[in-house]
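*Asks:* Here is a sequence with its predicted model. Questions after.
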Amino acid sequence: QVQVVESGGGLVQAGGSLRLACTASGLSFDHVAMGWFRQPPGEAREAVSCISSSGRDTYVRDSVKGRFTISRDNVKNTLYLQMNSLKPEDTAIYYCARVFLGAHYCNALDSWGQGTSVTVSS
């Protein structure tokens with residue numbers, strides 16, 4: 001059974017930074033693509049950024065390009081999301097998941113964890 005635990009969220013002022021982490025178990029982490037998703041208040045969940053098993057290929061949502069960086073540590077079974085220059089519109093619950101990574105999209109393959117809350121104040 002795949003389990004993920006997200007951490008690193010919090011309250012930050014606009015322009016600030018946060019680093020999210022996701023630890024996964026129940027899967028061969030170094031053989032699967034992983035990704036970050038978010039659900040803003042009252043809105044649908046959306047893909048933010050995804051990364052291939054090797055880390056060579058990534059998908060990044062247009063609205064976060066140049067500000068967010070996805071990375072992974074296959075020894076620690078951990079996925080990261082470095083978020084810089086945060087904006088109020090980045091406020092959301094952030095989730096990680098195993099994904100299918102396409103050329104210009106990624107889709108989650110498993111059920112969601114608890115997520116970690118990010119609030120950006122103006």
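*Replies:* Arrived safely. Numbers count the residues shown, from 1 in each chain.

*Asks:* Relative to Ser52, how far out is Gly113?
*Replies:* Using C-beta to C-beta, to the nearest Å, Gly113 is found at 21 Å from Ser52. C-betas here are computed from N, CA, C, even on glycine.

*Asks:* The closest residue to Leu109 other than its chain neighbours pairs with what?
*Replies:* Excluding its sequence neighbours, the residue lying closest to Leu109 (C-beta to C-beta, 6 or more residues apart in numbering) is Arg98, at 4.8 Å. With DSSP bridges as the criterion, Arg98 is bridged to Met34.

*Asks:* who touches stretch 13-27?
*Replies:* 1-10, 12, 34, 36, 76-88, 94, 96, 98, 113, 116, 118, 120-122 (C-beta atoms under 8 Å, 6 or more residues apart in numbering).

*Asks:* just the buried members of those residues?
*Replies:* Among the contacts of stretch 13-27, those classed as buried by neighbour count (16 or more other C-beta atoms under 10 Å) are 4, 6, 8-9, 12, 34, 36, 77-81, 83, 86, 94, 96, 98, 113, 116, 118, 120.

*Asks:* What about the residues you listed, which are in strands?
*Replies:* The members of the buried ones among the contacts of stretch 13-27 that map onto strands under DSSP state E are 4, 6, 12, 34, 36, 78-81, 83, 94, 96, 98, 116, 118, 120.

*Asks:* List just the nearest of these to Leu109.
*Replies:* Comparing these against Leu109 with C-beta to C-beta picks out Arg98 as the nearest, at 4.8 Å.

*Asks:* Looking at the closest one now. What's its pLDDT?
*Replies:* On pLDDT, Arg98 comes in at 96.

*Asks:* Isn't it up against Ser111?
*Replies:* No - applying C-beta atoms under 8 Å, one finds Arg98 not in contact with Ser111, separated by 10.2 Å.
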